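Asks: pasting the sequence and the predicted model now:
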Amino acid sequence: MVHTTISVSEDVKKELERLKRKMEVELGRTLSWDDFFSELIKERTEKEKKDKKLILSDEEAEILLRLTEEGRRSWRRNA
């Protein structure tokens with residue numbers, strides 16, 4: 001594995017260290033910096049998955065609405 005470094009201000013470094021300690025307490029284990037950043041990425045990815053919404057064009061929305069209405073009419077006839 002290739003290791004790299006990044007330069008951050010002292011304030012950012014202190015905040016990262018604080019967040020890392022908090023995460024270690026929450027998870028009940030010691031984290032390397034790689035583990036810490038991996039957990040951050042994992043949390044972000046999981047949040048993005050929860051926040052994803054289906055975006056439709058007007059045409060697609062109209063088609064879905066029409067199909068839903070037709071399906072309801074058919075269901076009512078057969079119910």
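Replies: Done, it's in.
Asks: any regions of the chain where pLDDT drops low?
Replies: Judged by pLDDT under 70, the chain has its weakly predicted residues at 79.
Asks: helices of that one, residue ranges please.
Replies: 10-27, 33-51, 58-78 (DSSP state H).
Asks: and the angle from the first one to helix 33-51?
Replies: I take that to be helix 10-27. Angle, helix 10-27 to helix 33-51, by axes from the mean of the first three to the mean of the last three CA atoms, to 10 degrees: 80 degrees.
Asks: which strands and helices lie in contact with helix 10-27?
Replies: helix 33-51 (3 or more CB pairs under 8 Å, 6 or more residues apart in numbering; DSSP states H and E). Placement of C-beta: from N, CA and C, glycine included.
Asks: tell me the helices and strands packed up against the helix it packs on.
Replies: Packed against helix 33-51, as judged by 3+ CB pairs under 8 Å, 6+ apart, are the following elements: helix 10-27.
Asks: could you measure from residue 3 over to residue 53?
Replies: Distance of residue 3 to residue 53, given as CB to CB, to the nearest Å: 38 Å.
Asks: including mean neighbour count, could the helices of the chain go into JSON lines?
Replies: Below are those laid out as JSON lines (neighbours: other CB atoms under 10 Å):
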{"stretch": "helix 10-27", "mean neighbour count": "12"}
{"stretch": "helix 33-51", "mean neighbour count": "11"}
{"stretch": "helix 58-78", "mean neighbour count": "10"}
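Asks: may I have the phi/psi pair for residue 54?
Replies: As for residue 54, its main-chain torsions (degrees, to the nearest 10) stand at phi -80, psi 120.
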